[in-house]
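S.K.: Provided below for reference: sequence and predicted model.
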Amino acid sequence: MMHTTVGRLLGERAREQGSNDYVVCDRDRLTYAAAEERSRALARGLLAAGAGRGSRIGMLFPTGVDFVVTWLGIVRVGATAVPISTFSTSLEIRELASGSDMTMLLGVADYRGHDYVRALGDAFDADLSAPGEIFTPAAPWLRRIHLHGIDDRVHAAHRIAALYEEGEAIDEALLDAVEADVHPDDRMVMVHTSGSTSSPKGVIHGHGTLLTHLDNLNQLRGLTRGVRLFSNSPLFWIGGIGYNLVGTLVAGATLLCSASLDPEETLDFVERERPELVNGFVQSIAHLISHPSFAGRDFSSIRSGNLYPIMPDGVRPTDPELRHNMLGMTEAGSVCLMSPDESDQPERYRGSFGRPVPELEARVVEPESTTVCAPGEAGELWLRGPLLMEGYYGRERAQVFTPDEWYRTGDVFSVDADGFFYFRGRRSDMIKTGGANVSPREVEAALRDLTGGLVPIVLGLPDPERDQIVAGVIVAPSDVDLDIPSLMEALRARLSAYKVPRKLIRMTPDELPMLSSGKPDMKRLMEVVGGR
């Protein structure tokens, strides 16, 4: 176990390699020394606002330098960072704030057409044009909101600048004392993941466990000091904040990320910054190869990773299914199954997800009898180890783990005689779309509410680019008026964009395919919906 904290590790990096880049996002560069200095100033402001161990502070930022500085400032005073997806609607923000007992929220006023001033006002019935603390039954512990950016609707007291100004009154020695009292077993981050119910679950990771886990993963993937890693994983999800942001800090490496929507700008960035490692969601960069300039690009610096479309010949596989895949999940602090061998594998290993990473046990279990499955037999993947999540916020440990400390993932796998794991499906009905998890129950709850109680069925349809897409069926008698376009518009105001069904149809009760048990025939339903 790494007996250190993010703050202490950042201090070491700043002293040893302060002029080296920690994060480069498009044209913004953050050296290790600047990360130390800027996050220290924010940390003083947080102390002035009363934050510290036990505080849970929301972060509503897109991928970029401001996200990094804010995360570092929060965790170095012992508070727990609670990243919020920039896709979130006001209702989702309210639910996350309430469910995490959030005490403060830092963020941006707007981003890519999302008006967060309005969203936060709606979420908490808060008037950000007036000074004063926040008091709302929607999030009883929330007291402060501070936003980046100049917006006439945001009073100076609710701007991030005000927090920095408050911090000027805090003596440097006090911050040093607070930081020295942050322990490796303190909570560092709470990342929310969709659950089998409509409520997201707050997954808790501590300083020491997540740092140690990423140190292990870095050794497997060859991320060492000075290496440049490019990733398109959003920082507010576990792949971004864990595998990439924590991982590069542990290694003393550089994280390269781009928030640009312009393919040419992204290609320019990757070519200019010359990463050696690349990882993330292939679906999100596949379109780059169709850009007219792609063929003339020099990506020869890339030697490893999984963003195959932009990898050079000789490194890029001819058949990706003959390279070990990897399995990541929020509960495991990012990657839990992988292999350091990135060469083409024999046909017998086609579709392999590798083996369990260090300090993690994995087994495939028959879910009803809980007996371990024989090689090749499909069952539920169970994980156990000291570096897994602490648990779900607000839930007893016994509700999350078995009596002998196994976490039941809900994913169906098999394992071969050589110990390689293979994904076979999902025991739960979680939808995986473009790298994000979507709970059908959450979308169904929204549809049920918006239609006044009509029966919705939400499912995932196979999609070559996004793995799956969200689709839905509204079961309604033929004489019931149902305006699908208006319903879709209402969903967009209520749910993150990636959760909104890309296909939504209506069926009468007689049209709905059923099993003899009286339950919907989901296999047949997928065929019907996919064919419309």
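M.R.: It's in.
S.K.: mean confidence score for stretch 272-286?
M.R.: The average pLDDT for stretch 272-286 rounds to 89.
S.K.: Not counting its own residues, what contacts it?
M.R.: 24, 221-223, 227-233, 239, 243-244, 256, 266, 301-311, 434-435, 465-467 (Cβ atoms under 8 Å, 6 or more residues apart in numbering). Glycine gets a C-beta too; all of them are placed from N, C-alpha and C.
S.K.: Can you get me the start-to-end distance on that stretch?
M.R.: End-to-end distance for stretch 272-286: 19 Å, by Cα to Cα, to the nearest Å.
S.K.: what's the answer for stretch 231-247, then?
M.R.: Stretch 231-247: ends 12 Å apart by Cα to Cα.
S.K.: swap in stretch 475-491?
M.R.: OK, stretch 475-491 end separation, Cα to Cα: 17 Å.
S.K.: Distance from that stretch to the middle of the chain?
M.R.: Its chain's average C-alpha position is 32 Å from that of stretch 475-491, according to Cα atoms, centre = their mean, to the nearest Å.
S.K.: so where's this protein uncertain?
M.R.: Under the criterion pLDDT under 70, the flagged ranges of the chain are 1, 194-198, 283, 426-428, 515-519.
S.K.: So if we follow the domain assignment, how does it break up?
M.R.: As assigned by automatic domain parsing, the chain contains the domains 33-206, 327-426, 431-530.
S.K.: so where does the residue lying closest to G73 once chain neighbours are set aside fall, helix or strand?
M.R.: Distances taken as Cβ to Cβ, 6 or more residues apart in numbering place L42 nearest to G73, at 3.2 Å, with adjacent residues excluded. Per DSSP states H and E, L42 falls inside helix 32-48.
S.K.: From the contact counts, what lies against that helix?
M.R.: With contacts defined as 3 or more Cβ pairs under 8 Å, 6 or more residues apart in numbering; DSSP states H and E, the packing partners of helix 32-48 are helix 6-17, strand 21-25, helix 65-76, helix 160-167, helix 172-180.
S.K.: Which of the ones you listed sits closest to R424?
M.R.: helix 65-76 (35.6 Å; Cβ to Cβ).
S.K.: okay, the angle between that closest one and strand 21-25?
M.R.: Helix 65-76 and strand 21-25 are oriented at 140 degrees to each other (axes from the mean of the first three to the mean of the last three Cα atoms, to 10 degrees).
S.K.: Next SSE downstream of helix 65-76?
M.R.: strand 80-83.
S.K.: CA atoms only for the following helix or strand past that following strand, dumped as PDB, please.
M.R.: Downstream of strand 80-83, the first helix or strand assigned by DSSP H and E is helix 90-99. Extracted in PDB, the C-alpha atoms of helix 90-99 (Å, rounded to 0.1, in the frame of the first residue of the first chain):
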ATOM      1  CA  SER A  90     -30.700  20.000 -13.100                       C
ATOM      2  CA  LEU A  91     -32.600  17.000 -11.800                       C
ATOM      3  CA  GLU A  92     -29.600  14.800 -12.000                       C
ATOM      4  CA  ILE A  93     -27.400  17.400 -10.300                       C
ATOM      5  CA  ARG A  94     -30.000  17.700  -7.500                       C
ATOM      6  CA  GLU A  95     -30.000  13.900  -7.000                       C
ATOM      7  CA  LEU A  96     -26.200  13.700  -6.900                       C
ATOM      8  CA  ALA A  97     -26.000  16.600  -4.400                       C
ATOM      9  CA  SER A  98     -28.600  15.200  -2.200                       C
ATOM     10  CA  GLY A  99     -27.400  11.600  -2.400                       C
END
